[in-house]
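Asks: What follows is a protein structure lacking sequence information:
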């Protein structure tokens, strides 16, 4: 039996949800269950040893509103020990160059601080931004998607990242 993955996302405009669906489809039938963070119980995280966390960056480096509420009220009560966690974010590297993908970095920092093991790091090559809370040792903590300026690269980025995750998740 292959591992199951819980993909937890917040999406206001639908872009993050659309990418979540692309990732689910690329990973294959029946492997990923999508959860909209506004509809989640903390116990939903317990069902998975592999997680994908997805959040767009809003305003000036903020979490998307549904994630913000969950982050403030419920994230602290979840033990991520023994969980392997990948992240992806959507953002605008041109309009928000000083805080590109900050939400992904904020969530990764909180979850890794609660025991989650981060996988799915990606290169910053091909992006043009000034600063990001999602950088660790010169790499993004996950998949950075810019549907505003580089939507033509999304499909290939998803495909490459999913291939990487299959190895890192041990699928």
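Replies: Cool, got the structure. If you're wondering where the values come from, they're calculated on a predicted model, not measured in any experiment.
Asks: Need the pLDDT of residue 118.
Replies: According to the prediction, residue 118 has pLDDT 98.
Asks: what about it, neighbour count?
Replies: Applying other CB atoms under 10 Å, we find 18 other residues in the vicinity of residue 118. Bear in mind the C-beta positions are built from the backbone N, C-alpha and C, glycine included.
Asks: Likewise for residue 13?
Replies: Residue 13 has 12 neighbours, counted by other CB under 10 Å.
Asks: Quick one: mean pLDDT for the helix ranked longest in the chain?
Replies: Among the elements of type helix in the chain, defined by DSSP state H, the one spanning the most residues is helix 151-168. Here the mean pLDDT over helix 151-168 is 98, rounded to a whole number.
Asks: Return the set of buried residues in it.
Replies: Buried residues in helix 151-168, counted by 16 or more other CB atoms under 10 Å: 154, 157, 158, 161, 162, 164, 165, 168.
Asks: distance of the last one from residue 122?
Replies: Just to be clear, that refers to residue 168. Distance of residue 168 to residue 122, given as CB to CB, to the nearest Å: 12 Å.
Asks: show me where pLDDT drops low in this protein?
Replies: Within the chain, the segments meeting pLDDT under 70 span 1-2.
Asks: now the helices for it?
Replies: Per DSSP H, the chain has helices spanning 15-27, 65-73, 102-112, 151-168. These are given in chain order.
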